[in-house]
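In: Give me a model of this one.
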Amino acid sequence: MIKIAVCDDEEIMRSQLNNKIVAYMENTNCSSQVFLFSNAEELVESSTDYDIIFLDIQMEGMSGMEAARKIREAGGESYIVFITVLKEYVYDAFDVEATDYLLKPVEDERFMRAMDRILHYIEDKRTASLTVQKSTGYKIIRLTDIFYCEVINRKIYIYTKQGVIDYYNKIDELEKQLKSYFVRCHRSYLVNLQYVCGYENGIAQLENGNKIPISRSRQQDFIKAVLNYMKERKK
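Out: Residues are numbered from 1 along each chain as shown. All right, here's what the predicted structure looks like:
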């Protein structure tokens with residue numbers, strides 16, 4: 001079940017988007033539930049964790065951009081698609097890690113391309129995992145739950161949302177098992193670009209507060225990887 005929120009202060013636009021979503025999901029045989037909001041305050045106060053949010057940038061009261069910031073500050077990981085009449089507003093979307101934007105009036109072909117891409121991200125996010133072999137058995141870890149990995153001596157430490165998992169392995173072998181959004185930023189570290197929120201003076205800042213060193217020899221490659229990752233998410 002994919003949960004989708006539509007937030008727009010124009011009733012006509014809410015209705016049009018709802019119809020497009022319903023038709024698309026029926027066409028792709030995906031189960032979904034659509035929630036409609038007429039203002040950003042109601043969306044932010046909602047306790048539901050949405051997979052996708054279609055969000056008008058300009059609204060009375062709280063703007064869509066402000067709502068997106070609050071959602072991100074609260075730890076929300078929804079795929080946000082901004083709806084706007086003015087293309088120049090879209091440049092601010094990078095600050096809140098928006099996945100896409102649609103110009104009003106929303107074209108069917110552009111809408112379907114955005115949905116195709118997001119559903120691919122959701123499927124990849126739900127299925128991608130790492131199996132860790134331990135002496136007492138094994139553990140399956142979702143890649144999206146991993147902040148970063150560190151090797152100390154012969155042991156790998158995987159820092160996840162649920163805690164730290166350690167096992168014996170080589171970091172070179174682990175790197176081959178991970179997706180392209182994991183980057184070797186240091187001989188001892190692999191970092192998940194999904195959680196990098198800043199970089200300064202050879203240190204990467206992660207959303208969970210951790211700071212990861214970037215070796216001098218890998219700085220240019222790291223910066224390039226971050227920029228490429230951001231571009232891919234905006235396509």
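In: Pull the distance from the biggest helix by length in the chain to the chain's centre.
Out: Counting by DSSP state H, the longest helix found in the chain is helix 108-127. Remark: helix 108-127 is offset 12 Å from the chain centroid, using Cα atoms, centre = their mean, to the nearest Å.
In: Which elements pack onto the helix or strand following it?
Out: Later in the chain than helix 108-127, the nearest helix or strand by DSSP states H and E is strand 129-134. Other elements packing on strand 129-134 under the criterion 3 or more Cβ pairs under 8 Å, 6 or more residues apart in numbering; DSSP states H and E are strand 137-142, strand 163-168. From N, CA and C alone the C-beta is placed, and that goes for glycine too.
In: How about residue 101: what's its closest non-neighbour residue?
Out: Leaving out its chain neighbours, the residue that sits closest to residue 101 by Cβ to Cβ, 6 or more residues apart in numbering is residue 82, at 4.2 Å.
In: Could you tell me which strands sit next to the host helix or strand of that neighbour in the sheet, and their orientation?
Out: If you go by DSSP H and E, residue 82 is part of strand 79-84. Strand 79-84 pairs in its sheet with strand 52-56 (parallel), strand 100-103 (parallel), by DSSP bridges.
In: for the longest helix of the chain, what is the average pLDDT?
Out: For helix 108-127, the mean per-residue pLDDT is 86.
In: Tell me the buried residues in it?
Out: 111, 114-115, 117-119 (16 or more other Cβ atoms under 10 Å).
In: Any buried residues in the worst-scoring helix or strand of the chain on mean pLDDT, and which?
Out: Each helix and strand of the chain was given a mean pLDDT (mean pLDDT, DSSP states H and E); the minimum falls on helix 219-234 at a mean of 83. Residues of helix 219-234 classed as buried by neighbour count (16+ other Cβ under 10 Å): 222, 225-226, 229, 233.
In: With only the CA atoms kept, save it in CSV.
Out: Coordinates of each C-alpha in helix 219-234 appear next as CSV, following Å, rounded to 0.1, in the frame of the first residue of the first chain:
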residue,chain,number,x,y,z
GLN,A,219,37.8,14.6,-1.6
GLN,A,220,37.3,15.4,-5.3
ASP,A,221,35.7,12.1,-6.0
PHE,A,222,33.4,12.4,-2.9
ILE,A,223,32.2,15.9,-3.9
LYS,A,224,31.6,14.7,-7.5
ALA,A,225,29.6,11.7,-6.2
VAL,A,226,27.4,13.9,-4.0
LEU,A,227,26.6,16.3,-6.9
ASN,A,228,25.9,13.4,-9.2
TYR,A,229,23.6,11.8,-6.6
MET,A,230,21.7,15.1,-6.2
LYS,A,231,21.3,15.4,-9.9
GLU,A,232,20.0,11.8,-10.2
ARG,A,233,17.4,12.4,-7.5
LYS,A,234,16.1,15.6,-9.3
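In: helices and strands around that helix, which ones?
Out: Short answer (3+ Cβ pairs under 8 Å, 6+ apart): helix 219-234 packs on strand 182-186, strand 196-200.
In: Poorly predicted segments of the protein, please.
Out: For the chain, the stretches with pLDDT under 70 are 87-95, 126-127, 233-235.
In: possible to save the helices and strands packed on strand 129-134 as JSON lines with distance to residue 174?
Out: As requested, those are arranged in JSON lines below (distance: least, Cβ to Cβ, whole Å):
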{"stretch": "strand 137-142", "distance to residue 174": "11"}
{"stretch": "strand 163-168", "distance to residue 174": "10"}
